[in-house]
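**Q** sequence and predicted structure are below.
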Amino acid sequence: MAAVATLGVVGFLNLGGRSEGGARTAMGVAPAFALPSTDGTQVSLADYRGRDVLFYFNEGVGCDACFYQMLDLQKNAAVFENAGVSVVPIVANPVGQVQEELARFGISTPYLIDADTSVSQAYGMLGNGMHANLPGHGFVLVDGSGRIRWVKEFPSMYVASSDLFAQLKPYLG
């Protein structure tokens, strides 16, 4: 299934300020998109209107640490849900390969498939890790009005969910 991405005009042109720890903050309007999901649905940024969403851009297939990260986020989902935050992973791998890894790790959270990496690029996540053609290990918080509130890359390839939540909590709507 090919990814269909409709990208907004503003994108990451306004990178905003830096907060402690190297996170970028208050970057403007999030690029609009529509991507297929591993659960067979089509998901768009507009689906999260009125709710904070934390996008988890990662290398995906071939990076076990990325799936362990999502497993930890899934196990701690109540912390994010109670704060009104949806956690949504985005990868550039073929849907079938991602579904195999989800089964292998016991992850039930659907992943969005950015096959042509246009969404990863629009959000400034492409090539920040070990591979120039893939997202690294980064998070983007978009508030309910569609504005980017916080962005952080984790070169260590893993951050405990409690630490991640503590870092993004001041930016929640």
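**A** Sure thing, it's come through.
**Q** for the protein, give me the ranges with low pLDDT.
**A** For the chain, applying pLDDT under 70 flags the ranges 1-26.
**Q** list the residues that contact residue 96.
**A** When contacts are counted by Cβ atoms under 8 Å, 6 or more residues apart in numbering, residue 96 touches no other residue. All C-beta atoms are positioned from the backbone trio N, CA, C, and that covers glycine.
**Q** now it: how far from residue 111?
**A** Applying Cβ to Cβ, to the nearest Å, the value for residue 96 to residue 111 is 12 Å.
**Q** just checking, residue 35 touches residue 112?
**A** Yes: using Cβ atoms under 8 Å, residue 35 makes contact with residue 112 at a distance of 4.3 Å.
**Q** what's the overlap in contacts for these two?
**A** When contacts are counted by Cβ under 8 Å, 6+ apart, residue 35 and residue 112 are jointly contacted by 43, 90, 119.
**Q** for the last one, the count of nearby residues, please.
**A** Think residue 119. Residue 119 has 28 neighbouring residues, counting by other Cβ atoms under 10 Å.
**Q** same question for the second one.
**A** Residues within reach of residue 90, counting by other Cβ under 10 Å, total 25.
**Q** just residue 163 next, same as before
**A** Neighbours of residue 163 using other Cβ under 10 Å come to 11.
**Q** ok, now which ones touch the spatially closest residue to residue 142 that is not a sequence neighbour?
**A** Residue nearest to residue 142 in three dimensions, not counting chain neighbours: residue 30, with 4.4 Å by Cβ to Cβ, 6 or more residues apart in numbering. Contacts here follow Cβ under 8 Å, 6+ apart; on that basis residue 30 touches 8, 45, 123, 140, 142, 146, 147, 148.
**Q** distance of residue 30 from residue 110?
**A** Counting by Cβ to Cβ - residue 30 and residue 110 are separated by 19 Å.
**Q** what do you get for residue 46?
**A** 17 Å.
**Q** what about those two, which has more around it?
**A** Between residue 46 and residue 110, counting by other Cβ under 10 Å, residue 110 is the more crowded of the two (18 against 10).
**Q** looks like that one contacts residue 38 (just checking).
**A** Yes: the criterion here is Cβ under 8 Å, and residue 110 meets it with residue 38 at 4.9 Å.
**Q** now do the helices in the protein.
**A** 64-75, 77-82, 95-105, 118-122, 161-168 (DSSP state H).
**Q** please identify the most buried of those helices.
**A** helix 118-122 (a mean of 22; mean count of other Cβ atoms under 10 Å).
**Q** neighbours around residue 158, how many?
**A** Look at residue 158: counted by other Cβ under 10 Å, it has 13 neighbours.
**Q** contacts only, for residue 59.
**A** Here residue 59 is in contact with 66, 91, 129, 130, 131, 134, 135, 136, 137 (Cβ under 8 Å, 6+ apart).
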